[in-house]
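Peer 1: coords please:
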Amino acid sequence: MENSFLIISQYLSVLQVETRPNTARLYEAAILRFSAYCTKRSADLFLPEAWSWGDVGVQALERYLHQSRQELGWSANTTHAHLTAIRHFFRHLTRSGHLDRNPIQHYTRQKSAGLIKPLEVDPEVLASQLQQLPCKTHKQLVQCLLLELTYSTGVSVAQLCRVENLELLPQSGSLRIHFPKRLPLERPLGEHGFSLLQHYLKMRKHSTAPQSSAPNPQCPPFWVDGEGRALLGVQLKKLLEKPLQELGVPNANALRDAGLQHLAAAGADTRTLQNYRGLKRLQRVQDYKNPAFGELQERLLAFHPRRVPPASAEKNSE
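Peer 2: Here you go, the predicted model:
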């Protein structure tokens, strides 16, 4: 086993150069844990007493991941992260000549898409709750506007914190969201959202802070406090903690998911949902399925213009 530990030490040195510090720490912890597991359970894994990494294969890896899920309650994403680290280690062993072939090269586990737990809130009730939140002070106005945008636009709070500008388009009843170094997005915005944004833009315009206080005077920050000072993303997210609790929503992403679920129930098809949320895989949209979504799909099939009516189908079969 001395040789095995020497190989790990060499690998950790390579990690410090090739990967970021956080990634290096994760990979180091995963490999050390996997090595300790193989040593402790060598008899169960049918490994020789003085085993080397060439003796470790898919069976040992599968049992390690399975047992970790059972005993430690690993989520699918945690399991995937540890698997990625171990696969990286074995690629290193192959490249460095410690192994002639990679025994786990073709072993993969599909990463979880991240199942969505439906937020059991009626759309009208949630809309009413959002409108009833107090917005008398500048702080409350920022809170209400951010919550409304999170629910209505499908854009994450992290992205909303970095916007360059929010442009109202009254003729189309929509909002154009401008990002740095990205094409703008256009999203519909309800009457309540329009009112909040107009109020915020007016207050922002009359802020007392000088433009020179901004990091880039040519492009002042969009989110500012009552005195015109820039609000950082961390500050904006902290502002949402209390109103989210009042709404009975665990976090901002849950509110965002609820907006998409309600959009699905209102009649949006899967491709619209995918584009609205900016999801790369259509499969991810399946997480938003609920009884209302299933009924929607049935209606789409029933009234699709290319659908052959039952009578015509029977006639053709004759």
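Peer 1: Return the distance of residue 255 relative to residue 177.
Peer 2: Residue 255 sits at a distance of 17 Å from residue 177 (criterion: C-beta to C-beta, to the nearest Å). The C-beta positions use only the backbone N, C-alpha and C, and glycine is treated the same way.
Peer 1: Using the three-state scheme, assign residue 186.
Peer 2: strand (DSSP: H, G, I helix; E, B strand; the rest coil).
Peer 1: Local confidence estimate at it?
Peer 2: Looking at residue 186, its pLDDT reads 89.
Peer 1: Residues in a beta bridge with it, which ones?
Peer 2: Beta-bridge partners of residue 186, counted by DSSP bridges, are residue 176.
Peer 1: you'd agree it is up against residue 168?
Peer 2: No - the pair formed by residue 186 and residue 168 falls short of the contact definition of C-beta atoms under 8 Å, at 11.3 Å.
Peer 1: which one of the two has more residues nearby?
Peer 2: For residue 186 versus residue 168, the count of surrounding residues by other C-beta atoms under 10 Å is larger for residue 168: 16 against 13.
Peer 1: Run through the residues that contact the more buried one.
Peer 2: If you count contacts by C-beta atoms under 8 Å, 6 or more residues apart in numbering, residue 168 has them with 175-176, 189, 194, 197-198, 201.
Peer 1: now for the residues you listed, which pair is the farthest apart?
Peer 2: The two members of these with the most space between them (C-beta to C-beta) are 176 and 198, at 14.4 Å.
Peer 1: the helices in this protein, which residues?
Peer 2: Counting by DSSP state H, the segments of the chain that form helices are 2-18, 21-40, 58-72, 76-95, 123-132, 138-153, 157-160, 191-205, 233-239, 241-247, 252-266, 270-277, 291-303, 310-317.
Peer 1: so can I have CSV of those showing distance to residue 108 and mean pLDDT?
Peer 2: Converted to CSV, these look like this (distance: least, C-beta to C-beta, whole Å; pLDDT from 0 to 100):
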stretch, distance to residue 108, mean pLDDT
helix 2-18, 21, 78
helix 21-40, 16, 89
helix 58-72, 11, 87
helix 76-95, 8, 89
helix 123-132, 39, 82
helix 138-153, 34, 92
helix 157-160, 29, 90
helix 191-205, 43, 90
helix 233-239, 34, 92
helix 241-247, 37, 89
helix 252-266, 27, 80
helix 270-277, 24, 75
helix 291-303, 30, 53
helix 310-317, 42, 49
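Peer 1: Turn those helices into TSV, columns for mean neighbour count and distance to residue 49.
Peer 2: As requested, the helices of the chain are arranged in TSV below (neighbours: other C-beta atoms under 10 Å; distance: least, C-beta to C-beta, whole Å):
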stretch	mean neighbour count	distance to residue 49
helix 2-18	13	12
helix 21-40	16	10
helix 58-72	15	15
helix 76-95	17	21
helix 123-132	14	62
helix 138-153	22	57
helix 157-160	18	51
helix 191-205	16	68
helix 233-239	14	52
helix 241-247	14	54
helix 252-266	20	49
helix 270-277	16	53
helix 291-303	12	56
helix 310-317	9	69
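Peer 1: what would those helices look like in JSON lines with distance to residue 102?
Peer 2: As requested, the helices of the chain are exported to JSON lines (distance: least, C-beta to C-beta, whole Å):
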{"stretch": "helix 2-18", "distance to residue 102": "14"}
{"stretch": "helix 21-40", "distance to residue 102": "15"}
{"stretch": "helix 58-72", "distance to residue 102": "11"}
{"stretch": "helix 76-95", "distance to residue 102": "5"}
{"stretch": "helix 123-132", "distance to residue 102": "51"}
{"stretch": "helix 138-153", "distance to residue 102": "44"}
{"stretch": "helix 157-160", "distance to residue 102": "37"}
{"stretch": "helix 191-205", "distance to residue 102": "53"}
{"stretch": "helix 233-239", "distance to residue 102": "41"}
{"stretch": "helix 241-247", "distance to residue 102": "46"}
{"stretch": "helix 252-266", "distance to residue 102": "37"}
{"stretch": "helix 270-277", "distance to residue 102": "35"}
{"stretch": "helix 291-303", "distance to residue 102": "42"}
{"stretch": "helix 310-317", "distance to residue 102": "53"}
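Peer 1: Which among the ones you listed is found nearest to residue 106?
Peer 2: Ranking these by proximity to residue 106 (C-beta to C-beta) places helix 58-72 first, at 8.5 Å.
Peer 1: Please enumerate residues in contact with the closest one?
Peer 2: Contact partners of helix 58-72, identified using C-beta under 8 Å, 6+ apart, comprise 34, 37-38, 41, 44-47, 74, 79, 82-83, 86, 103-104, 107, 109.
Peer 1: Which segments of this structure make up each domain?
Peer 2: Listed domain ranges for the chain are 2-95, 123-303 (source: automatic domain parsing).
Peer 1: closest to residue 18 among the contacts of residue 168?
Peer 2: residue 176 (41.4 Å).
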